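S.K.: I'll drop the sequence and a predicted model, then ask my questions.
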Amino acid sequence: MGAAGGLAESGSVTAPAPLLPPAARIFVAGHRGLVGSALTRRLTAEGYQVLTRTRAELDLRDAEATGAYLRESRPDAVVLAAARVGGIMANARHPVPFLEDNLRIQLSVIAGAHAADVDRLLFLGSSCIYPKHAAQPITEDALLTGALEPTNEPYALAKIAGITQVRGYRKQFGRRYICAMPTNLYGPGDNFDPETSHVLPALIRRFHEARAAGAPEVVLWGSGTPRREFLHSDDLARACLLLLRRYDGDSPVNVGCGEDLTIAELAAEVAAATGYTGRVGWDTTRPDGTPRKLLDVSRLTALGFAPAVPLARGIRDTYAWWLDH
Ligand SMILES: NC(=O)C1=CN([C@@H]2O[C@H](COP(=O)(O)OP(=O)(O)OC[C@H]3O[C@@H](n4cnc5c(N)ncnc54)[C@H](OP(=O)(O)O)[C@@H]3O)[C@@H](O)[C@H]2O)C=CC1
Ligand SMILES: C[C@H]1O[C@H](OP(=O)(O)OP(=O)(O)OC[C@H]2O[C@@H](n3cnc4c(=O)[nH]c(N)nc43)[C@H](O)[C@@H]2O)[C@@H](O)[C@@H](O)C1=O
């Protein structure tokens, strides 16, 4: 089981297997999504062989089919970037699939990887696993120290179960499975649906459409005062690869850029990128969600990570991608 170092037959001590062998075969679950597509680009560019299955080919909620796929394909590593994902309203309106789909996907993929003797796995959680009123910036130790934000509690509880599952396989079976907790992400391939998306793509679309229509006002959700931290998906992909190569610990590792801004400040950035010059209004019947969500990224920084995509450039590039698609 696994590939831990040990005593060879000659009596000499063998070196532990590398955390990620060069040219490893890596199954990226969710390769068509925002994160999975960025990871696929990065891993391919770095010489890894990326294995993929579309949802039509393999529904990851199906434990039997997922287990069979993993046993047949025997990847060296798995990255679990498939999930039911959405913005604040999608979460608030659909508690059942945000809980159940994510639990089922995690059970299928993580247990299936273990049964197929996959040595290495990276599970992607989210910064929403931390308490609504956690001290800022949020350290990994804040997990399970307080009540969650109600709009995304089902999703957060599923992710917390995933962390517990990964830790269980580490403790009980010695698996080299790890967890990353990313902040709010954005980039090419994001969901731009006005009702179900996250705030950044939603704002790109709202401001673009208002400018095209000559509308005098764009109305955004909530009060504009919540603070969020945004990381480009290409930076997230670099962080994931770093963790796969260098990290094998029990604690989740936060992944962010270390800086946040208010939603009103984000709106000003997106308005500038899209050329919108009208008014911005706020619909306070829509939820604000967590007041602030800034991650402490010192563990990741200590491993050598620094983000490469500044927010203004990332917004411009994501806007250009959306216009092209
Ligand atoms: N986006 C964000 O701001 C953040 C995301 N994360 C985490 O990162 C990970 C990736 O998120 P992101 O890329 O944004 O999400 P996306 O919605 O962009 O992508 C999710 C992917 O999962 C696939 N998928 C979902 N359900 C199934 C299923 N039942 N069977 C097979 N495939 C399935 C989707 O397939 P299909 O293309 O067919 O729909 C899609 O490719 C998730 O774990 C998420 O929780 C964490 C923090 C923030
Ligand atoms: C990644 C993270 O994403 C979600 O949590 P969230 O950070 O609250 O997500 P959000 O991006 O949807 O909103 C951020 C803020 O922005 C405000 N806002 C203004 N105008 C729009 C708007 O037009 N759309 C959206 N979506 N939000 C808007 C909105 O009211 C809120 O104050 C969870 O799914 C959670 O589970 C999770 O993991």
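M.R.: Structure received. Ligands and ions are numbered 1, 2, ... in the order given.
S.K.: Near ligand 1, which residues of this protein are found?
M.R.: 30, 32-36, 55, 59-61, 81-85, 101, 105, 124, 126, 182, 184-185, 191, 198 (Cβ under 6 Å from any ligand atom). Where C-beta positions appear, they are placed from N, C-alpha and C, glycine not excepted.
S.K.: Which members of those residues are classed as buried?
M.R.: Buried residues within those, defined by neighbour count using 16 or more other Cβ atoms under 10 Å: 30, 33-36, 59-61, 81-85, 101, 105, 124, 126, 182, 184-185, 198.
S.K.: out of those, who's near ligand 2?
M.R.: Contacts with ligand 2 within those, counted by Cβ under 6 Å from any ligand atom: Ser126, Asn184, His198.
S.K.: from the residues you listed, which is closest to Thr277?
M.R.: The shortest distance between Thr277 and any of those, using Cβ to Cβ, involves His198 and amounts to 24.2 Å.
S.K.: Apart from its neighbours in sequence, what residue is nearest the closest one?
M.R.: Computed as Cβ to Cβ, 6 or more residues apart in numbering, the closest residue to His198 that is not its neighbour in sequence is Gly87, at 4.3 Å.
S.K.: Arg104 now?
M.R.: The shortest distance from Arg104 to any non-neighbouring residue, by Cβ to Cβ, 6+ apart, is to Arg61 (4.0 Å).
S.K.: Distance of the residue nearest to Pro137 when sequence neighbours are not counted relative to Thr183?
M.R.: Among residues not flanking Pro137 along the chain, Asp296 sits closest, at 3.9 Å (Cβ to Cβ, 6+ apart). Asp296 sits at a distance of 11 Å from Thr183 (criterion: Cβ to Cβ, to the nearest Å).
S.K.: Mutual contacts of the two, please.
M.R.: Where contact means Cβ atoms under 8 Å, 6 or more residues apart in numbering, the residues bridging Asp296 and Thr183 through contact with each are Asn254.
S.K.: Tell me which of those two has more neighbours.
M.R.: When Asp296 and Thr183 are compared for neighbours, Thr183 comes out ahead with 23 against 19, by other Cβ atoms under 10 Å.
S.K.: Now do the residue of the stretch 1-150 of the chain found nearest ligand 2: how many residues are near it, please.
M.R.: The minimum distance from the stretch 1-150 of the chain to ligand 2, using Cβ to the nearest ligand atom, falls at Gly87 (2.9 Å). Neighbouring residues of Gly87 were enumerated by other Cβ under 10 Å; the total is 23.
S.K.: Then Ala271?
M.R.: With other Cβ under 10 Å as criterion, Ala271 counts 19.
S.K.: pLDDT score assigned to the closest residue to it other than its chain neighbours?
M.R.: If the residues on either side of it in the chain are set aside, Ala271 comes closest to Phe207, at 5.3 Å by Cβ to Cβ, 6+ apart. Looking at Phe207, its pLDDT stands at 98.
S.K.: Can I take it that Phe207 is in a helix?
M.R.: Yes - when the secondary structure is assigned by DSSP: H, G, I helix; E, B strand; the rest coil, Phe207 falls within a helix.
S.K.: Please tell me I have it right and it contacts Tyr276.
M.R.: Yes - Phe207 sits in contact with Tyr276 when judged by Cβ atoms under 8 Å, with a separation of 4.0 Å.
S.K.: Give me the buried stretch members for stretch 213-233, please.
M.R.: Within stretch 213-233, the residues that count as buried by 16+ other Cβ under 10 Å are 218, 220-224, 226-233.
S.K.: now that stretch: mean pLDDT?
M.R.: Along stretch 213-233, the predicted confidence averages to a pLDDT of 98.
S.K.: Next one: it, is it in contact with ligand 2?
M.R.: Yes - contact check for stretch 213-233 against ligand 2, using Cβ under 6 Å from any ligand atom: residues in range are Leu220, Trp221, Gly222, Pro226, Arg228.
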